[in-house]
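Q: Attaching a predicted model along with its sequence, questions to come.
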Amino acid sequence: MPKAKETVLEIDLSALTHNFNYLKSKLQPNTKFLAVVKAFAYGSDSVAVAKHLQSLEVDYFAVAYTSEGVVLRDAGITKPILVLHPLPISFEVIIERCLEPSLYNAKVLKEFIATAEAHNQTNYPVHIKFNTGLNRLGFWENDVEYIVSKLKATKSILVKSAFSHLAASEDKNEAVFTNGQIKSFKSTAKALEKGLSYKPWLHMCNTSGVINYPEAHLDMVRCGIGLYGFGNSAKEDDNLKPIASLKSVISQIHNIENGETVGYNRAYTSKGFEKTATIPIGHADGITRVYGNGKGFVFVNGKKAPIVGNVCMDMIMINVTNIDCEEGDEVILFDGSRKASELAESAGTISYEILTAISQRVKRDFITEN
């Protein structure tokens, strides 16, 4: 690969193919694969990622909000798109753009039925979300009778799937809780099916669920972070390839004397004659102020350089005292071998956060071959 000449997020679509095939290999042949591409496909590029996955014949997509689904439709994505957290104000747009809503409480169920009826819909596909312990969104098990009564009173909607969400599928210490969620969902789904004259698809596994709970794969699985190269464990990380590499360059090098300070609020004081480098990336690009002052690092010519001082809006400063480098040299914040999870852990956070925080002003470059 050519060296970076500016701040850039490189997105390796061949790595995406690898991750998709690896996760799919964990499934039975008839288990469907839903790709989660919310939040700009976890900070990368939702359109490019969705187009690539559509070419690999993924079965479904999921986004968080209606506007994200509209972007995909405008880009030519034709596969079904589940909107995980729709709000009633968007229901007309959902129908207009052939998106499929998750209905998670009595209010959204009633309002979507009313909207579907007003638009003369018949058997419009919807997805019923059940809460089995995450306590975020979803109907309760004792809501089944109510849901069935509403469904039987209208022909406007059809339940394409019923689903739930695992709270701690990556944590083996929470296996008892997770198995309780699986048992609860299967019981609830059975009650729902009994009340209907048809059988919806069932799904509840995320990436860690796919890996750790094959008995819960059911009719479909939903993979997000695994597609982007992270398996929520060191062992599984080795089986996946991060698709994103965040790179920049050295803009300027400073030689500073003992006791001089660096950056806003004079947050870093040199401990001798030191060399610092300024990099054109900052908290407006997703490298938040939690980094710096002993937290966070980058790589210059293969060597680790700590971030010093406070992160600025458009720049960070790094200590390169013991690194042979010059202005214009490439800087790597994370890539396939120096993983985003390591940078995130240095600041007490997780890979999800740093990946999804990468600003849309950062240029995206796409790699299609290794």
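A: It's in.
Q: where in this protein is pLDDT low?
A: In the predicted model, the chain carries pLDDT under 70 at residues 369-370.
Q: Quick check: Ile128 is in a strand.
A: Yes - under DSSP: H, G, I helix; E, B strand; the rest coil, Ile128 sits within a strand.
Q: bridging residues for it?
A: Leu103, Ala162 (DSSP bridges).
Q: how much space between it and Ala189?
A: 9 Å (CB to CB, to the nearest Å). The C-beta positions use only the backbone N, C-alpha and C, and glycine is treated the same way.
Q: what do those two both touch?
A: Ala162, Pro200 (CB atoms under 8 Å, 6 or more residues apart in numbering).
Q: Next, count neighbours for the nearest residue to Gly296 once chain neighbours are set aside.
A: Among residues not flanking Gly296 along the chain, Ile307 sits closest, at 4.3 Å (CB to CB, 6 or more residues apart in numbering). Other residues within reach of Ile307, judged by other CB atoms under 10 Å, total 26.
Q: Ile307 sits in which helix or strand?
A: strand 303-308 (DSSP states H and E).
Q: go on, Tyr22?
A: Counting by DSSP H and E, Tyr22 is found in helix 13-24.
Q: elements contacting that helix?
A: Where contact means 3 or more CB pairs under 8 Å, 6 or more residues apart in numbering; DSSP states H and E, helix 13-24 is packed against strand 32-36, helix 46-55, strand 363-367.
Q: For the first one, which helices and strands make contact with it?
A: Spelled out, it's strand 32-36. Secondary-structure packing of strand 32-36 (3+ CB pairs under 8 Å, 6+ apart): helix 13-24, helix 46-55, strand 60-63, strand 201-203, strand 220-223.
Q: follow-up on the earlier one: surely the residue nearest to Gly296 touches Ile316?
A: Yes - the pair Ile307 / Ile316 is scored as a contact, 5.3 Å apart, by CB atoms under 8 Å.
Q: anything in contact with each of these two?
A: What both Ile307 and Ile316 touch, as defined by CB under 8 Å, 6+ apart, is the set Tyr291, Gly292, Val298.
Q: Among these, which are located in strands?
A: Val298 (DSSP state E).
Q: And the shared contacts of Ile307 and Ile316, which is closest to Thr278?
A: Val298 (11.8 Å; CB to CB).
Q: The closest one against Asp329, yeah?
A: No - counting by CB under 8 Å, Val298 does not reach Asp329; the two are 11.2 Å apart.
Q: of those two, who's got more company?
A: Neighbours were counted for Val298 and for Asp329 using other CB under 10 Å; Val298 has more, 27 against 17.
Q: residues touching that one, list them.
A: Taking CB under 8 Å, 6+ apart as the contact definition, Val298 lies against Ser248, Ile279, Lys304, Ala305, Ile307, Ile316, Ile318, Val331, Ile332, Leu333.
Q: Kindly export the helix or strand hosting Lys160 (C-alpha atoms) in PDB.
A: For Lys160, the host element (DSSP H and E) is strand 157-163. Taking Å, rounded to 0.1, in the frame of the first residue of the first chain, the C-alpha atoms of strand 157-163 are listed here in PDB:
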ATOM      1  CA  ILE A 157     -49.100  -5.800   8.800                       C
ATOM      2  CA  LEU A 158     -47.500  -9.200   8.900                       C
ATOM      3  CA  VAL A 159     -44.800 -10.300  11.500                       C
ATOM      4  CA  LYS A 160     -41.800 -11.100   9.400                       C
ATOM      5  CA  SER A 161     -39.700 -11.900  12.500                       C
ATOM      6  CA  ALA A 162     -39.700 -11.900  16.300                       C
ATOM      7  CA  PHE A 163     -36.400 -11.100  17.900                       C
END
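Q: ok, and what's touching the following helix or strand past that strand?
A: Where DSSP H and E defines the elements, the next helix or strand beyond strand 157-163 is helix 175-195. With contacts defined as CB under 8 Å, 6+ apart, helix 175-195 is touched by 128, 130, 132-133, 141, 144-145, 147-148, 151-152, 159, 162, 164, 166-169, 199-200, 202, 204, 209, 212-213, 215-216.
Q: Now which of these would you call buried?
A: Among the contacts of helix 175-195, those buried by neighbour count (16 or more other CB atoms under 10 Å) are 128, 130, 132-133, 141, 144, 147-148, 151, 159, 162, 164, 166-167, 169, 200, 202, 204, 209, 212-213, 216.
Q: which residue is nearest the middle of this protein?
A: Nearest to the mean C-alpha position of the chain, counting by CA atoms, centre = their mean, stands Tyr42 at 3.5 Å.
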